[in-house]
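S.K.: here is my input; please provide its structure:
(2 chains)
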Amino acid sequence: MECHEFISQLDDYLDGRLDERPMRAHLNVCDDCRQQYHHAVAVQAAVRKLSPPEVHPAFVDRAIQRATRRDAAGAHPRRRALLGMALAASLVLGVATGAYLSLRAAPVQTVAMTVERPETVRMVFDSVKPLRAATLSLSLPENVEVVGFGGVRELSWQTDLREGQNLLQLPLIAHGAVKDELLAQLSHGASTKTFRVKLEVAKSGASGM
Amino acid sequence: MPPVSPYRRGRPAELNFEDLIRPQVEYLYRLAWRFTGSVTDAEDLLQDVLLKLYPRTQEMLAIQKLRPWLAKVMHNQYVDTVRQRARSPVLELAAGGDADEDPLDKIPTTGDGPEENAERSGQRDRILAAVRQLNPEQRAIIAMHDVEGYSLEELEKMLETPIGTLKSRLHRGRQRLRALLPMEPFSVGERVKR
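M.R.: Numbers count the residues shown, from 1 in each chain, chains lettered A, B, ... in the order given. Below is the predicted model:
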(Lines give C-alpha, C1' and ligand atoms only; values in the text may rest on other atoms or scores of the structure.)
Protein backbone atom coordinates (compact mmCIF):
# COMPACT_ATOMS: atom_id res chain seq x y z
CA MET A 1 0.00 0.00 0.00
CA GLU A 2 1.22 3.48 -0.87
CA CYS A 3 1.04 6.38 1.59
CA HIS A 4 -1.52 8.29 -0.48
CA GLU A 5 -3.79 5.23 -0.44
CA PHE A 6 -3.43 4.95 3.32
CA ILE A 7 -4.24 8.61 3.86
CA SER A 8 -7.22 8.56 1.52
CA GLN A 9 -8.65 5.59 3.47
CA LEU A 10 -7.73 6.83 6.92
CA ASP A 11 -11.25 7.93 7.86
CA ASP A 12 -12.78 4.64 6.80
CA TYR A 13 -10.10 2.87 8.80
CA LEU A 14 -10.88 4.99 11.87
CA ASP A 15 -14.54 4.06 11.50
CA GLY A 16 -13.81 0.36 11.14
CA ARG A 17 -15.22 0.29 7.62
CA LEU A 18 -12.21 -1.37 5.97
CA ASP A 19 -10.28 -4.58 5.93
CA GLU A 20 -7.73 -3.59 8.57
CA ARG A 21 -4.89 -5.89 7.52
CA PRO A 22 -3.36 -3.87 4.68
CA MET A 23 -3.75 -0.67 6.73
CA ARG A 24 -2.03 -2.22 9.74
CA ALA A 25 0.70 -3.62 7.57
CA HIS A 26 1.38 -0.15 6.19
CA LEU A 27 1.33 1.37 9.67
CA ASN A 28 4.03 -1.05 10.74
CA VAL A 29 6.43 0.12 8.08
CA CYS A 30 5.66 3.84 7.62
CA ASP A 31 6.55 6.33 10.34
CA ASP A 32 4.86 9.28 8.60
CA CYS A 33 1.53 7.52 8.19
CA ARG A 34 1.72 6.17 11.73
CA GLN A 35 2.14 9.73 12.94
CA GLN A 36 -0.82 10.88 10.83
CA TYR A 37 -2.89 8.05 12.21
CA HIS A 38 -2.03 8.84 15.83
CA HIS A 39 -2.79 12.49 15.21
CA ALA A 40 -6.18 11.65 13.69
CA VAL A 41 -7.05 9.40 16.64
CA ALA A 42 -5.90 12.01 19.14
CA VAL A 43 -7.94 14.79 17.53
CA GLN A 44 -11.02 12.59 17.50
CA ALA A 45 -10.52 11.68 21.15
CA ALA A 46 -10.01 15.32 22.10
CA VAL A 47 -13.22 16.39 20.38
CA ARG A 48 -15.11 13.56 22.08
CA LYS A 49 -13.83 14.70 25.44
CA LEU A 50 -15.16 18.23 24.99
CA SER A 51 -18.17 18.68 27.17
CA PRO A 52 -20.41 21.68 27.63
CA PRO A 53 -20.70 23.57 30.89
CA GLU A 54 -23.51 22.07 32.94
CA VAL A 55 -26.95 23.15 31.94
CA HIS A 56 -28.40 25.47 34.54
CA PRO A 57 -31.35 23.83 36.34
CA ALA A 58 -33.24 27.14 36.32
CA PHE A 59 -32.85 27.29 32.57
CA VAL A 60 -34.33 23.81 32.18
CA ASP A 61 -37.35 24.67 34.34
CA ARG A 62 -37.89 27.90 32.50
CA ALA A 63 -37.45 26.33 29.06
CA ILE A 64 -40.01 23.62 29.82
CA GLN A 65 -42.42 26.17 31.24
CA ARG A 66 -42.08 28.34 28.17
CA ALA A 67 -42.63 25.40 25.87
CA THR A 68 -45.79 24.29 27.65
CA ARG A 69 -47.22 27.78 28.04
CA ARG A 70 -46.59 28.91 24.54
CA ASP A 71 -50.04 30.32 23.96
CA ALA A 72 -50.04 32.31 27.16
CA ALA A 73 -46.53 33.64 26.63
CA GLY A 74 -47.01 34.78 23.08
CA ALA A 75 -46.38 33.33 19.68
CA HIS A 76 -42.70 32.72 20.16
CA PRO A 77 -41.12 34.23 23.25
CA ARG A 78 -37.49 35.11 22.73
CA ARG A 79 -35.12 33.92 25.37
CA ARG A 80 -32.72 36.78 25.16
CA ALA A 81 -34.04 40.05 23.93
CA LEU A 82 -30.85 41.43 25.37
CA LEU A 83 -27.84 39.94 27.02
CA GLY A 84 -28.66 38.29 30.30
CA MET A 85 -31.82 36.44 31.13
CA ALA A 86 -33.26 39.16 33.34
CA LEU A 87 -31.96 42.24 31.69
CA ALA A 88 -35.26 44.06 31.53
CA ALA A 89 -35.42 43.99 35.31
CA SER A 90 -31.81 44.94 35.90
CA LEU A 91 -31.42 47.61 33.25
CA VAL A 92 -30.26 50.90 34.67
CA LEU A 93 -29.53 54.14 32.94
CA GLY A 94 -26.22 55.91 32.89
CA VAL A 95 -22.73 54.93 31.86
CA ALA A 96 -20.86 52.59 34.12
CA THR A 97 -18.01 54.10 36.03
CA GLY A 98 -14.85 52.44 37.13
CA ALA A 99 -11.09 52.49 37.02
CA TYR A 100 -10.02 51.40 33.61
CA LEU A 101 -6.48 50.20 33.52
CA SER A 102 -6.47 49.21 29.94
CA LEU A 103 -8.60 49.74 26.94
CA ARG A 104 -8.28 48.16 23.56
CA ALA A 105 -10.72 48.63 20.75
CA ALA A 106 -11.87 45.87 18.45
CA PRO A 107 -12.06 46.47 14.70
CA VAL A 108 -14.98 48.66 13.69
CA GLN A 109 -17.77 46.89 11.85
CA THR A 110 -20.54 48.50 9.87
CA VAL A 111 -24.27 47.93 9.92
CA ALA A 112 -26.54 49.46 7.30
CA MET A 113 -30.04 50.40 8.45
CA THR A 114 -33.04 52.19 7.07
CA VAL A 115 -34.88 55.00 8.84
CA GLU A 116 -37.86 53.83 10.93
CA ARG A 117 -37.24 50.20 10.11
CA PRO A 118 -36.33 48.16 13.22
CA GLU A 119 -33.23 46.07 12.77
CA THR A 120 -31.88 43.54 15.22
CA VAL A 121 -28.13 43.79 15.52
CA ARG A 122 -26.56 40.76 17.10
CA MET A 123 -23.20 40.96 18.79
CA VAL A 124 -21.33 38.00 20.09
CA PHE A 125 -18.95 38.51 22.96
CA ASP A 126 -16.49 35.69 23.10
CA SER A 127 -15.10 35.05 26.53
CA VAL A 128 -12.54 32.38 27.28
CA LYS A 129 -13.69 32.20 30.89
CA PRO A 130 -16.89 32.87 32.80
CA LEU A 131 -17.05 36.49 33.96
CA ARG A 132 -19.33 37.31 36.88
CA ALA A 133 -20.96 40.71 37.12
CA ALA A 134 -19.43 42.20 34.01
CA THR A 135 -20.78 45.61 33.12
CA LEU A 136 -22.01 46.25 29.62
CA SER A 137 -22.57 49.83 28.55
CA LEU A 138 -24.04 51.07 25.32
CA SER A 139 -23.72 54.49 23.88
CA LEU A 140 -26.03 55.10 20.95
CA PRO A 141 -25.64 57.75 18.26
CA GLU A 142 -28.18 60.53 17.96
CA ASN A 143 -31.41 59.45 16.24
CA VAL A 144 -30.88 55.80 17.17
CA GLU A 145 -32.55 54.01 20.04
CA VAL A 146 -33.11 50.53 21.38
CA VAL A 147 -36.70 49.58 20.60
CA GLY A 148 -38.72 50.13 23.74
CA PHE A 149 -36.24 52.61 25.25
CA GLY A 150 -37.23 55.74 23.40
CA GLY A 151 -35.00 58.77 23.88
CA VAL A 152 -32.37 56.83 25.86
CA ARG A 153 -28.93 56.96 24.35
CA GLU A 154 -26.86 55.50 27.13
CA LEU A 155 -27.63 52.18 28.76
CA SER A 156 -25.66 50.18 31.27
CA TRP A 157 -26.30 46.96 33.10
CA GLN A 158 -24.55 44.13 34.85
CA THR A 159 -24.57 40.61 33.54
CA ASP A 160 -22.69 37.34 33.85
CA LEU A 161 -20.77 36.21 30.82
CA ARG A 162 -20.36 32.57 30.27
CA GLU A 163 -17.43 30.76 28.78
CA GLY A 164 -17.66 30.92 25.02
CA GLN A 165 -19.99 33.03 23.01
CA ASN A 166 -22.49 35.36 24.65
CA LEU A 167 -25.15 36.80 22.45
CA LEU A 168 -26.35 40.36 22.69
CA GLN A 169 -29.34 41.08 20.51
CA LEU A 170 -30.05 44.74 20.11
CA PRO A 171 -33.31 45.69 18.46
CA LEU A 172 -32.43 49.13 17.09
CA ILE A 173 -34.47 51.74 15.30
CA ALA A 174 -33.23 54.91 13.68
CA HIS A 175 -35.37 58.02 13.40
CA GLY A 176 -33.15 59.92 11.01
CA ALA A 177 -30.06 59.69 8.86
CA VAL A 178 -27.04 58.59 10.87
CA LYS A 179 -23.41 58.03 10.13
CA ASP A 180 -21.96 57.49 13.54
CA GLU A 181 -20.73 54.80 15.89
CA LEU A 182 -22.46 52.75 18.53
CA LEU A 183 -20.10 52.00 21.40
CA ALA A 184 -20.45 48.83 23.43
CA GLN A 185 -18.15 48.77 26.40
CA LEU A 186 -17.57 45.65 28.42
CA SER A 187 -15.97 46.06 31.83
CA HIS A 188 -14.96 43.52 34.40
CA GLY A 189 -12.93 44.42 37.45
CA ALA A 190 -10.27 46.81 36.26
CA SER A 191 -10.43 45.75 32.63
CA THR A 192 -12.45 47.29 29.88
CA LYS A 193 -12.94 46.45 26.27
CA THR A 194 -14.66 48.73 23.80
CA PHE A 195 -16.42 47.53 20.67
CA ARG A 196 -17.48 49.97 18.00
CA VAL A 197 -20.19 49.43 15.46
CA LYS A 198 -20.54 51.91 12.67
CA LEU A 199 -24.17 52.62 11.87
CA GLU A 200 -25.04 53.91 8.45
CA VAL A 201 -28.68 54.81 8.28
CA ALA A 202 -30.15 55.64 4.92
CA LYS A 203 -33.45 57.48 4.57
CA SER A 204 -34.86 54.76 2.32
CA GLY A 205 -33.81 51.65 0.46
CA ALA A 206 -32.98 48.12 1.48
CA SER A 207 -31.05 47.47 4.64
CA GLY A 208 -28.37 44.87 5.15
CA MET A 209 -24.76 44.44 5.98
CA MET B 1 -45.52 1.82 17.60
CA PRO B 2 -46.83 0.88 21.05
CA PRO B 3 -50.23 2.24 21.98
CA VAL B 4 -50.33 5.15 24.39
CA SER B 5 -51.34 3.87 27.83
CA PRO B 6 -54.74 4.95 29.19
CA TYR B 7 -52.91 6.48 32.17
CA ARG B 8 -50.83 8.68 29.89
CA ARG B 9 -53.76 9.49 27.65
CA GLY B 10 -55.72 10.85 30.58
CA ARG B 11 -52.99 13.13 31.94
CA PRO B 12 -52.55 16.79 31.03
CA ALA B 13 -50.22 17.22 28.05
CA GLU B 14 -47.78 19.39 30.00
CA LEU B 15 -47.21 16.65 32.58
CA ASN B 16 -46.63 14.02 29.91
CA PHE B 17 -44.33 16.43 28.10
CA GLU B 18 -42.29 17.11 31.20
CA ASP B 19 -42.04 13.39 32.03
CA LEU B 20 -40.77 12.67 28.56
CA ILE B 21 -38.48 15.63 28.12
CA ARG B 22 -36.87 16.24 31.47
CA PRO B 23 -34.74 13.06 31.34
CA GLN B 24 -33.66 14.03 27.83
CA VAL B 25 -32.85 17.69 28.41
CA GLU B 26 -29.21 17.14 29.28
CA TYR B 27 -28.73 15.03 26.18
CA LEU B 28 -30.47 17.62 24.01
CA TYR B 29 -28.49 20.46 25.54
CA ARG B 30 -25.22 18.60 24.98
CA LEU B 31 -26.15 17.97 21.37
CA ALA B 32 -27.19 21.59 20.87
CA TRP B 33 -23.90 22.76 22.35
CA ARG B 34 -21.95 20.47 20.07
CA PHE B 35 -23.92 21.72 17.06
CA THR B 36 -23.55 25.39 17.88
CA GLY B 37 -20.30 25.56 19.84
CA SER B 38 -21.82 28.10 22.21
CA VAL B 39 -23.80 27.97 25.44
CA THR B 40 -26.01 30.85 24.43
CA ASP B 41 -26.86 29.42 21.05
CA ALA B 42 -27.32 25.97 22.55
CA GLU B 43 -29.89 27.32 25.01
CA ASP B 44 -31.71 29.15 22.24
CA LEU B 45 -31.70 26.07 20.03
CA LEU B 46 -32.93 23.88 22.87
CA GLN B 47 -35.72 26.32 23.67
CA ASP B 48 -36.78 26.34 20.02
CA VAL B 49 -36.79 22.56 19.97
CA LEU B 50 -38.91 22.33 23.12
CA LEU B 51 -41.39 24.77 21.62
CA LYS B 52 -41.64 22.54 18.57
CA LEU B 53 -41.91 19.37 20.62
CA TYR B 54 -44.68 20.28 23.01
CA PRO B 55 -47.48 20.15 20.42
CA ARG B 56 -46.13 16.71 19.47
CA THR B 57 -46.37 15.23 22.96
CA GLN B 58 -48.89 12.56 21.90
CA GLU B 59 -46.63 11.52 19.06
CA MET B 60 -43.65 11.30 21.42
CA LEU B 61 -45.56 9.07 23.82
CA ALA B 62 -45.75 6.42 21.11
CA ILE B 63 -42.06 6.53 20.17
CA GLN B 64 -39.97 3.70 21.60
CA LYS B 65 -36.49 5.07 20.91
CA LEU B 66 -36.90 8.71 21.71
CA ARG B 67 -33.29 9.91 21.52
CA PRO B 68 -32.63 9.36 17.80
CA TRP B 69 -35.99 10.93 17.06
CA LEU B 70 -35.19 13.92 19.26
CA ALA B 71 -31.75 14.21 17.69
CA LYS B 72 -33.39 14.41 14.29
CA VAL B 73 -35.78 17.15 15.45
CA MET B 74 -32.83 19.01 16.98
CA HIS B 75 -30.83 18.70 13.77
CA ASN B 76 -33.71 19.96 11.64
CA GLN B 77 -34.23 22.93 13.94
CA TYR B 78 -30.51 23.66 13.87
CA VAL B 79 -30.49 23.67 10.06
CA ASP B 80 -33.50 26.03 10.04
CA THR B 81 -31.81 28.34 12.53
CA VAL B 82 -28.60 28.45 10.53
CA ARG B 83 -30.57 29.34 7.40
CA GLN B 84 -32.51 32.04 9.23
CA ARG B 85 -29.34 33.56 10.60
CA ALA B 86 -27.75 33.61 7.19
CA ARG B 87 -30.52 35.99 6.20
CA SER B 88 -30.13 38.38 9.13
CA PRO B 89 -27.35 40.75 10.06
CA VAL B 90 -24.93 39.27 12.54
CA LEU B 91 -21.98 41.00 14.05
CA GLU B 92 -19.16 38.93 15.40
CA LEU B 93 -17.40 40.94 18.03
CA ALA B 94 -14.99 38.30 19.13
CA ALA B 95 -11.69 39.00 20.73
CA GLY B 96 -9.87 38.44 17.47
CA GLY B 97 -6.73 36.46 16.89
CA ASP B 98 -4.64 38.26 19.46
CA ALA B 99 -6.46 36.91 22.48
CA ASP B 100 -3.37 36.89 24.67
CA GLU B 101 -3.32 40.67 24.75
CA ASP B 102 -6.96 41.03 25.66
CA PRO B 103 -7.25 42.20 29.27
CA LEU B 104 -10.61 40.48 29.67
CA ASP B 105 -9.06 37.18 28.72
CA LYS B 106 -6.57 37.53 31.54
CA ILE B 107 -9.04 37.98 34.35
CA PRO B 108 -8.54 35.10 36.74
CA THR B 109 -11.57 33.18 37.86
CA THR B 110 -11.93 31.73 41.29
CA GLY B 111 -10.91 28.13 41.34
CA ASP B 112 -8.17 28.51 38.77
CA GLY B 113 -5.82 25.84 39.81
CA PRO B 114 -2.27 24.84 39.25
CA GLU B 115 -0.39 25.24 36.04
CA GLU B 116 -1.53 21.91 34.65
CA ASN B 117 -5.15 23.00 34.96
CA ALA B 118 -4.40 26.16 33.05
CA GLU B 119 -2.67 24.13 30.35
CA ARG B 120 -5.60 21.77 30.11
CA SER B 121 -7.96 24.69 29.90
CA GLY B 122 -5.80 26.24 27.15
CA GLN B 123 -5.94 23.03 25.20
CA ARG B 124 -9.71 22.79 25.63
CA ASP B 125 -10.01 26.34 24.31
CA ARG B 126 -7.92 25.47 21.29
CA ILE B 127 -10.02 22.43 20.49
CA LEU B 128 -13.24 24.36 21.01
CA ALA B 129 -11.99 27.17 18.78
CA ALA B 130 -11.15 24.64 16.06
CA VAL B 131 -14.59 23.02 16.30
CA ARG B 132 -16.19 26.45 16.03
CA GLN B 133 -14.36 27.02 12.77
CA LEU B 134 -16.10 24.08 11.12
CA ASN B 135 -19.14 24.88 9.07
CA PRO B 136 -22.50 23.99 10.66
CA GLU B 137 -22.93 20.80 8.63
CA GLN B 138 -19.48 19.56 9.54
CA ARG B 139 -20.03 20.34 13.22
CA ALA B 140 -23.33 18.50 13.19
CA ILE B 141 -22.00 15.34 11.53
CA ILE B 142 -18.97 15.22 13.81
CA ALA B 143 -21.22 15.69 16.84
CA MET B 144 -23.63 12.97 15.82
CA HIS B 145 -21.18 10.47 14.35
CA ASP B 146 -17.87 10.91 16.14
CA VAL B 147 -19.19 11.98 19.52
CA GLU B 148 -22.70 10.60 19.95
CA GLY B 149 -21.83 7.45 18.05
CA TYR B 150 -24.60 7.27 15.45
CA SER B 151 -23.47 5.22 12.46
CA LEU B 152 -23.54 6.68 8.98
CA GLU B 153 -26.31 4.25 8.09
CA GLU B 154 -28.39 5.45 11.06
CA LEU B 155 -27.72 9.05 10.16
CA GLU B 156 -28.67 8.46 6.54
CA LYS B 157 -32.16 7.50 7.73
CA MET B 158 -32.39 10.06 10.52
CA LEU B 159 -31.28 13.03 8.46
CA GLU B 160 -32.66 11.79 5.15
CA THR B 161 -29.32 12.59 3.55
CA PRO B 162 -27.37 10.25 1.24
CA ILE B 163 -24.55 8.41 2.94
CA GLY B 164 -22.05 9.75 0.38
CA THR B 165 -22.91 13.33 1.36
CA LEU B 166 -22.56 12.51 5.05
CA LYS B 167 -19.21 10.80 4.50
CA SER B 168 -17.96 13.77 2.56
CA ARG B 169 -19.00 16.20 5.33
CA LEU B 170 -17.40 14.00 7.94
CA HIS B 171 -14.19 13.66 5.98
CA ARG B 172 -13.88 17.39 5.35
CA GLY B 173 -14.73 18.23 8.94
CA ARG B 174 -12.11 15.87 10.30
CA GLN B 175 -9.52 17.10 7.81
CA ARG B 176 -10.19 20.67 8.87
CA LEU B 177 -9.87 19.79 12.55
CA ARG B 178 -6.57 18.04 11.95
CA ALA B 179 -5.30 21.03 10.02
CA LEU B 180 -6.43 23.40 12.77
CA LEU B 181 -5.02 21.31 15.59
CA PRO B 182 -1.35 20.67 14.97
CA MET B 183 0.25 17.49 16.22
CA GLU B 184 2.38 19.07 18.90
CA PRO B 185 -0.21 19.61 21.66
CA PHE B 186 -1.48 16.07 21.26
CA SER B 187 1.36 14.34 22.94
CA VAL B 188 1.44 10.86 24.40
CA GLY B 189 -1.22 11.63 26.99
CA GLU B 190 -3.81 12.38 24.34
CA ARG B 191 -3.13 9.35 22.21
CA VAL B 192 -5.71 6.67 22.18
CA LYS B 193 -5.09 3.22 20.82
CA ARG B 194 -7.69 1.53 18.69
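
S.K.: which stretches of chain B form strands?
M.R.: B:90-93 (DSSP state E).

S.K.: what about the longest helix in the chain?
M.R.: No chain was given, so I picked chain A. helix A:31-49 (DSSP state H).

S.K.: meant chain B, my bad for not saying
M.R.: helix B:13-36.

S.K.: now the angle between helix A:31-49 and that helix, please.
M.R.: Angle between the axes of helix B:13-36 and helix A:31-49 is 150 degrees (criterion: axes from the mean of the first three to the mean of the last three CA atoms, to 10 degrees).

S.K.: what about helix B:13-36, distance to the chain center?
M.R.: 13 Å (CA atoms, centre = their mean, to the nearest Å).

S.K.: residues near B:Arg178, how many?
M.R.: Taking other CB atoms under 10 Å in any protein chain shown as the criterion, the count of residues near B:Arg178 is 19. Any C-beta I mention is one placed from the backbone N, CA and C, and that applies to glycine too.

S.K.: B:Val25 now?
M.R.: For B:Val25, using other CB under 10 Å, the count is 19.

S.K.: for B:His171, same thing?
M.R.: 16.

S.K.: compute the distance between it and B:Arg126, please.
M.R.: For B:His171, the distance to B:Arg126 (CB to CB, to the nearest Å) stands at 22 Å.

S.K.: low-confidence ranges in chain B?
M.R.: By pLDDT under 70, the weakly predicted segments of chain B are B:1-10, B:86-121, B:184-194.

S.K.: show me what contacts B:Tyr150?
M.R.: Residues in contact with B:Tyr150 (CB atoms under 8 Å, 6 or more residues apart in numbering or on different chains) are B:Pro68, B:Ala71, B:Met144, B:Met158.

S.K.: repeat that for 10 Å
M.R.: B:Arg67, B:Pro68, B:Ala71, B:Ile141, B:Ala143, B:Met144, B:Glu156, B:Lys157, B:Met158, B:Leu159, B:Leu166 (CB atoms under 10 Å, 6 or more residues apart in numbering or on different chains).

S.K.: and stretch A:46-56, end to end?
M.R.: 24 Å (CA to CA, to the nearest Å).

S.K.: for it, which positions count as buried?
M.R.: Neighbour counts over stretch A:46-56 (16 or more other CB atoms under 10 Å in any protein chain shown) mark A:Ala46, A:Val47, A:Pro52, A:Val55 as buried.

S.K.: by mean pLDDT, flag the weakest helix or strand of chain A.
M.R.: Least confident helix or strand, chain A: strand A:92-93 with a mean of 24, by mean pLDDT, DSSP states H and E.

S.K.: so what's the residue count around the closest residue in space to B:Asp125 that isn't next to it in sequence?
M.R.: The spatially closest residue to B:Asp125, leaving aside those adjacent along the chain, is A:Val128, at 5.6 Å (CB to CB, 6 or more residues apart in numbering or on different chains). When neighbours are counted by other CB under 10 Å, A:Val128 registers 21.

S.K.: ok, now how distant is A:Val128 from A:Asn166?
M.R.: Taking CB to CB, one finds A:Val128 at 12 Å from A:Asn166.

S.K.: just A:Leu50 next, same as before
M.R.: 18 Å.

S.K.: over to B:Leu15?
M.R.: Note on B:Leu15: its distance to A:Asn166, by CB to CB, is 34 Å.

S.K.: of these two, who's got more company?
M.R.: Set B:Leu15 next to A:Asn166 and count neighbours by other CB under 10 Å: A:Asn166 wins out with 26 against 12.

S.K.: is it true that A:Ala184 touches A:Asn166?
M.R.: No: between A:Ala184 and A:Asn166 there is no contact under CB atoms under 10 Å: 11.8 Å.

S.K.: could you list the low-pLDDT ranges of chain A?
M.R.: A:70-109, A:163-165, A:204-209.

S.K.: where do the helices sit along it?
M.R.: Ranges of helices in chain A, per DSSP H, are A:3-8, A:10-14, A:20-29, A:31-49, A:57-68, A:70-73, A:87-90.

S.K.: what of chain B?
M.R.: For chain B, the helices defined by DSSP H occupy B:6-10, B:13-36, B:39-53, B:57-61, B:66-86, B:115-132, B:136-141, B:152-159, B:163-180.

S.K.: got the contact list for B:His75?
M.R.: With CB under 10 Å, 6+ apart, B:His75 has these contacts: B:Leu31, B:Phe35, B:Val49, B:Ala140, B:Ile141, B:Ala143, B:Met144, B:Leu155, B:Met158, B:Leu159, B:Thr161.
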